[in-house]
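>>> Next comes the sequence, and after it the predicted model I'd like to discuss.
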Amino acid sequence: MFRIYLSFALLLCLSAPVLAWEEQQALEFILAHSPILGAYRTVTREYTPSSPMRRLLEHTSFFARASQGPGNEASVNDNFITSGSTAGVQINIPLSSRKEQREHALKALEEIKAIEEVRAKVLQDLGQLRQHEAELTAVQARLKYWKDKSGWAQQRVNTGYDGVDGLWDVAKQLNEEKASADKLTLAVAAQRHKVASYAGEAWRELLDYLEDEKSARLVSR
């Protein structure tokens, strides 16, 4: 009996969960591909203050005025002036705007808050996934133990050392562990899909990463 329990303890140590995926890689991938954060980034870029040259091109206009005088006839046109006229550049807004800077700062702050909210949710769900995987690994170890013990108990019954009562107890425990393993397998699969959904259109790549036992790497494009 001591040998059986020792084998079980060794089995638990050898079956410790392998960290096939890394929280930081999954988190960075989600932050890069999240459609929600992508929308925030787009808005922030739209509110980025223009450079002086771009502002000059966007917010200035050309004008032309014909000179007035006896016998002086001129044709005024936005594109060219035939004679007797003056031209210039009219700036509609100042070259720098504190209002634009404030609006950009507010949008950037909203983006930072959104990133932190997504980060917190993702880390929480990754922690839950890690817990489910650890529990499943422990159940699988116990399941293997009870399978081995079932074979050992069956052999003792066949040789006449023990009665069938002990065999029924082992079978009952074996069925309970099987049920636990099936339940946790579904929980792990559901949690992986939940985490992968944060990556939007790139969810399949993230899901493959979470399911890969060879610790593949993600590319945060």
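Sure, I can see it. Residues are numbered from 1 along each chain as shown.
>>> Which helix or strand contains Asp148?
Under the criterion DSSP states H and E, the helix or strand holding Asp148 is helix 98-158.
>>> Tell me which helix or strand comes right after that helix.
The C-terminal neighbour of helix 98-158 among helices and strands, as given by DSSP H and E, is helix 164-196.
>>> Tell me which residues of that next one come out buried.
Along helix 164-196, these residues count as buried under the neighbour rule (16 or more other Cβ atoms under 10 Å): 167, 170, 173-174, 177, 180-181, 184, 187-188, 191-192, 195-196. C-beta here means a position set from N, CA and C on the backbone, and glycine is covered the same way.
>>> Over to stretch 200-216?
202-203, 205-207, 209-210.
>>> Any chance of JSON lines for those, columns secondary structure?
Conversion of these to JSON lines gives the following (DSSP: H, G, I helix; E, B strand; the rest coil):
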{"residue": "Ala202", "secondary structure": "helix"}
{"residue": "Trp203", "secondary structure": "helix"}
{"residue": "Glu205", "secondary structure": "helix"}
{"residue": "Leu206", "secondary structure": "helix"}
{"residue": "Leu207", "secondary structure": "helix"}
{"residue": "Tyr209", "secondary structure": "helix"}
{"residue": "Leu210", "secondary structure": "helix"}
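>>> lowest average confidence, helix or strand, in this structure?
helix 2-14 (a mean of 45; mean pLDDT, DSSP states H and E).
>>> and the angle for whichever strand or helix holds Ala39 with helix 98-158?
Assigned by DSSP H and E, Ala39 belongs to helix 35-46. Relative orientation of helix 35-46 versus helix 98-158 (axes from the mean of the first three to the mean of the last three Cα atoms, to 10 degrees): 160 degrees.
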